[in-house]
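**Q** here's my sequence, what's the structure:
(4 chains)
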Protein chains: 2
Amino acid sequence: MASVTPADRPPLGLRERKKIKTRRAIRAATYALIEEQGYDATTIEQIADRAEVSPSTVFRYFPTKEDIVVTDAWDPVIPAELRARPRDESWADVLRHVMRTALDVSLAVEPEVTRLRSRLGVEVPAVRARMTESMAATGRLLREALAERSGLDPDSLELRVFAMSVMGGLMEVSHYWAETGHQDDVRDLVDRALDVLEHGLATGKP
Amino acid sequence: MASVTPADRPPLGLRERKKIKTRRAIRAATYALIEEQGYDATTIEQIADRAEVSPSTVFRYFPTKEDIVVTDAWDPVIPAELRARPRDESWADVLRHVMRTALDVSLAVEPEVTRLRSRLGVEVPAVRARMTESMAATGRLLREALAERSGLDPDSLELRVFAMSVMGGLMEVSHYWAETGHQDDVRDLVDRALDVLEHGLATGKP
DNA sequence: TGATGATTGAGAGTTACTGTCGATTTCATG
DNA sequence: CATGAAATCGACAGTAACTCTCAATCATCA
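**A** Residues are numbered from 1 along each chain as shown, chains lettered A, B, ... in the order given. As a prediction, the model looks like this:
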């Protein structure tokens, strides 16, 4: 796998270190408050108070409240992995590996947050919307990757439709996982979803 | 086709007629203002002024600003069509017919609005989010229809993933249509999209 | 140490949306 | 036609997510 470190280490000034700490504090405060009170009842002011920064600062770090929940330092992992997979691998296998890597990392580093996030994706429309946006962004990356592999035009309707349909299917996995109380191993669910996306529905009457 | 009238005609009291008129006035005012000034620059207050109602009334008719743009009286057409298709028709053909009917109606009744809407779906994140929500709702209906036809459990991961992937692909058609300046006939685009969703990508190297 | 540029906090303003209440209008009934 | 019930409406007050600006502070580097 390419790089599984969220940011590059090298010479990290005090300024940068503080920024990372502040960002972390805001996210932690947000998750704690949401667990306690729910998403809607949690205001930016409360988040700022608990993180010991001003409301302005919260908005300086995250453009919207949803972004605090949805985005994290691991987001660049998916694109990197996407590019790193061998050329001759089928698109389904590429996604299988990429998704597994991303999920392994996420579940290992912050398992509760991973679950909370998928739950909020079901329960809070605004969060779901934000997730859909980043899914669409990933879809565009997938499109590039698929274009390279297939030789098709990345801007063709066909490739666009295909990529977004795959991402739509994967999004549904997250909702299913949350709605069934996180009983299953998400990675198994992803595998099953990719089987459907690759081979179509097994209707029982072929 | 089942019923291509938005609402039932029969005995329509003055009260009902006024409601319909108000609703129409709000939508018309909104579209006009958006054409003039853009979406974000258009406030509820302006909409209320032009529609000659109070802001409270606007919110009484539409829960959010996005809803004014996205929802219309034709929305129930799709579910109805979905149920009306013959049992032995393939899912792709079902969708082909349903989508064509919906688009024929929409393009015939208010062609500019149909285009404006898809454009706003590309340009305005909030509108896009609202569209995604109604797409998801349609996806659930599609799931029911597919379950009946295939005998699969409508709540199974497989069927859920499949239905949402199809809807994701169709959503992309709208974006493609808008981004390419509405050059193409959307109905052709839908046909091409359904071909991809049914048979997968034609990679050129089979 | 002192200059410089980045980061922050305070505060004011906008707007979407919520909830309430009294006034008006429509409708069904006598 | 009159009257009472119910629906609808407008006015108003309130909340919270953002946006912008400006002055103060703080890390960095010469």
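**Q** could you report the neighbour count for residue A:27?
**A** For residue A:27, the number of neighbouring residues by other Cβ atoms under 10 Å in any protein chain shown comes to 22. Every residue, glycine included, has its C-beta placed from N, CA and C.
**Q** got it, and residue A:114?
**A** The local packing of residue A:114 (other Cβ under 10 Å) involves 20 other residues.
**Q** what does chain A put close to DNA strand D?
**A** For chain A, the contact set with DNA strand D under Cβ under 7 Å from any atom of the strand comprises A:13-16, A:18, A:42-45, A:55-56, A:59, A:63-66.
**Q** apply 10 Å and report the result again.
**A** Applying Cβ under 10 Å from any atom of the strand, we find that chain A lies next to DNA strand D at A:11-19, A:39-48, A:54-60, A:62-68, A:126, A:130.
**Q** buried stuff in the worst-scoring helix or strand of chain A on mean pLDDT?
**A** Among the secondary structure pieces of chain A, namely its helices and strands, helix A:77-84 has the lowest mean (mean pLDDT, DSSP states H and E), a mean of 86. Neighbour-count burial for helix A:77-84, with 16 or more other Cβ atoms under 10 Å in any protein chain shown as criterion, is recorded at A:77, A:78, A:79, A:81, A:82.
**Q** got it, and stretch A:125-144?
**A** Residues of stretch A:125-144 classed as buried under the neighbour-count rule (16+ other Cβ under 10 Å) are A:126-133, A:135-136, A:138-139, A:141-143.
**Q** quickly check: it near chain B or not.
**A** Yes. For stretch A:125-144, a contact with chain B is found by Cβ under 8 Å from any Cβ of the partner chain, at A:125, A:126, A:128, A:129, A:132, A:133.
**Q** kindly reformat those as a markdown table containing secondary structure and pLDDT.
**A** Compiled in a markdown table, the residues of stretch A:125-144 next to chain B are given as follows (DSSP: H, G, I helix; E, B strand; the rest coil; pLDDT from 0 to 100):
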| residue | secondary structure | pLDDT |
| --- | --- | --- |
| A:125 | helix | 97 |
| A:126 | helix | 98 |
| A:128 | helix | 98 |
| A:129 | helix | 98 |
| A:132 | helix | 97 |
| A:133 | helix | 96 |
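**Q** just the residues you listed now: which is nearest DNA strand D?
**A** Distance from DNA strand D was checked for each of the residues of stretch A:125-144 next to chain B by Cβ to the nearest atom of the strand. The minimum falls on residue A:126, at 7.6 Å.
**Q** low pLDDT regions in chain A?
**A** Confidence mapping of chain A against pLDDT under 70 gives the ranges A:1-11, A:203-206.
**Q** centroid residue for it?
**A** residue A:75 (6.4 Å; Cα atoms, centre = their mean).
**Q** that one contacts residue A:135, correct?
**A** No. In this structure, residue A:75 sits apart from residue A:135 without contact. The criterion is Cβ atoms under 8 Å, and the distance is 11.6 Å.
**Q** now the residue of chain A found nearest DNA strand D: phi and psi?
**A** Taking Cβ to the nearest atom of the strand as the measure, chain A has residue A:13 as its residue closest to DNA strand D, at 2.6 Å. Here the main-chain torsion angles of residue A:13 (degrees, to the nearest 10) amount to phi -60, psi 170.
**Q** how close does it sit to DNA strand C?
**A** Taking Cβ to the nearest atom of the strand, to the nearest Å as the criterion, residue A:13 is separated from DNA strand C by 9 Å.
**Q** that residue: neighbour count?
**A** As a burial measure, the neighbour count of residue A:13 was computed by other Cβ under 10 Å and equals 8.
**Q** against residue A:69, how distant is it?
**A** With distances defined as Cβ to Cβ, to the nearest Å, the gap from residue A:13 to residue A:69 amounts to 28 Å.
**Q** next one: residue A:60
**A** Remark: distance between residue A:60 and residue A:69 (Cβ to Cβ) = 17 Å.
**Q** of those two, which one has the most company?
**A** Taking other Cβ under 10 Å, residue A:60 and residue A:69 do not tie; residue A:69 has more neighbours (24 against 12).
**Q** and that one, what element?
**A** Following DSSP states H and E, the helix or strand that holds residue A:69 is helix A:65-70.
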